[in-house]
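1. here is my input; please provide its structure:
(one chain, ligands or ions: 1)
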Amino acid sequence: EKGGYDTFMEKEIHEQPHAVGDTLLGRTDEDGHLVLDELRISEQQLKDIDRITIVACGTAAYAGMVAKYAIEHWTRIPVEVALAHEFRYCEPIVSERTLVVSISQSGETMDTLMAVKHARDLGALTVSVCNTHGSTIPRESDAVLYTHAGPEIAVASTKAFLAQITACYVLGLYLAQLRGGSYADDAAAVLKELHQVPGKIEQLLGSMGRVREIARFMADTRSVLFLGRHVGYPVAMEGALKLKELAYIHAEGFAAGELKHGPIALIEPGQPVFIVVPGPDTPHGLHGKVVSNIQEIRARGARTLVIAQEGDTAVEPFADEIIRVPATSPMLAPLLTVVPLQVFALHLSTAKGLDVDQPRNLAKSVTVE
Ligand code: BG6
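-> This is a model prediction of the structure:
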């Protein structure tokens, strides 16, 4: 049942090209336009949306953070991400023109369910991004956009995360398509590129040998930091979460721009730091800014583990290790950059002799508040 892999998690990591591909499947017509009749929300209602709030917990919330950057960029609709357990208690501002998107693999997470109910009571339109057919959250929502990752058995989420990001991209690109004009043209170009991502993940998974080696050498490590910027910021957070969950190692993710506002004080000789580097064509010169961050922490003795696009030579002088990912446009990069971090956590957990699929104290779906 593990398909030749030692653990469900390893199997699920390798199923990620399909999780992304299947989540895209059947959602475009022959002209390449997105068709989301399954949403059963009128086009007019969707066009009237003036604000989006994403509610989720854990890994799903990081998928939401990625979605915020992408959907705002593609649609210019303001997007907020709220942890589901905070949402209800912060007097959320929603109206009938607010789209509340919940993200949940299981569809049973109590905090997320309660947030959806609360949003609905306040009159918002609710869409569930969910991996489990017939589960509670989709039933309690106005509409559902299923992720097609297949059953996820390992407690720590991997393929569901990629599928959640993909479904959010689909939703954002669909809203952009509805807006028409240059929004629709740009969305069509991104969608074309998105269809190439499963092949790139496949290619990436074939080159993870060095990541496994790095993880094996780090079995005694007590703390690992993760830096990212733009869509790489939630990826850094997810990398840290995977390491906490699977290897019980203290791990923290930061926005790279925060470094000088505090976290740089943590850097001491030998401190391992993963850096998720934006592609060189990321707007606003963010690539160069992150390269400077790498330089700064390395000068203070950090051991820099750099995740960078193929062909990005600027990182080379400051990297102790370079993990290469295939090039893609900036918004889609998380579907690739997170993969080495998942693989790293998996092998570090294995190196420590831990139960990868069933980490201590965690449950696959948390159905209590
Ligand atoms: C946690 C799981 O408790 O719930 C995480 O261990 C998951 O892996 C989170 O991200 C949210 O779960 P769901 O099912 O709502 O996506």
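2. output the contacting helices and strands for the helix or strand hosting residue 253.
-> Applying DSSP states H and E as the criterion places residue 253 in strand 250-255. Counting contacts by 3 or more C-beta pairs under 8 Å, 6 or more residues apart in numbering; DSSP states H and E, strand 250-255 packs against strand 223-228, helix 232-247. All C-beta atoms are positioned from the backbone trio N, CA, C, and that covers glycine.
3. which bits of this structure sit near the ligand?
-> Within reach of the ligand by C-beta under 6 Å from any ligand atom, the chain has these residues: 57-60, 104-106, 109, 112, 155-157, 362-363, 365-366.
4. just the ones of these in helices?
-> 59-60, 112 (DSSP state H).
5. neighbour-wise, which of the residues you listed leads?
-> The residue in these with the most neighbours, by other C-beta atoms under 10 Å, is residue 112 (30 neighbours).
6. that one reaches residue 54, doesn't it?
-> No: with contact defined as C-beta atoms under 8 Å, residue 112 does not count as touching residue 54 (10.5 Å).
7. residues shared between the contacts of those two?
-> Listed as contacting both residue 112 and residue 54 by C-beta atoms under 8 Å, 6 or more residues apart in numbering are 102-103.
8. what segments of the stretch 251-369 of the chain are helices?
-> Here the stretch 251-369 of the chain has its helices, by DSSP state H, counting those that start in this stretch, at 286-299, 334-351.
9. redo the ones you listed as TSV? Include mean neighbour count, mean pLDDT and distance to residue 24.
-> Putting the helices of the stretch 251-369 of the chain into TSV (neighbours: other C-beta atoms under 10 Å; pLDDT from 0 to 100; distance: least, C-beta to C-beta, whole Å) gives the following:
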stretch	mean neighbour count	mean pLDDT	distance to residue 24
helix 286-299	19	97	27
helix 334-351	26	98	11
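10. could those go into JSON lines alongside distance to residue 315?
-> Output for those, formatted as JSON lines (distance: least, C-beta to C-beta, whole Å):
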{"stretch": "helix 286-299", "distance to residue 315": "6"}
{"stretch": "helix 334-351", "distance to residue 315": "13"}
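11. relative to the ligand, how far out is residue 317?
-> Distance check for residue 317 against the ligand: by C-beta to the nearest ligand atom, to the nearest Å, it reads 37 Å.
12. tell me which of the helices of the stretch 251-369 of the chain lies nearest to residue 202.
-> Residue 202 lies closest to helix 334-351 among the helices of the stretch 251-369 of the chain, at 10.4 Å (C-beta to C-beta).
13. please compute how far the closest one lies from its chain's middle.
-> Remark: helix 334-351 is offset 13 Å from the chain centroid, using C-alpha atoms, centre = their mean, to the nearest Å.
14. packing partners for that helix?
-> Here helix 334-351 touches helix 8-14, helix 159-179, helix 197-205, helix 209-217, helix 232-247, strand 272-276, strand 303-309, strand 321-325, going by 3+ C-beta pairs under 8 Å, 6+ apart.
15. dump these to TSV, plus mean pLDDT and distance to residue 297.
-> Shown next, in TSV, are those (pLDDT from 0 to 100; distance: least, C-beta to C-beta, whole Å):
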stretch	mean pLDDT	distance to residue 297
helix 8-14	97	28
helix 159-179	98	27
helix 197-205	98	25
helix 209-217	97	17
helix 232-247	97	13
strand 272-276	98	6
strand 303-309	98	7
strand 321-325	98	14
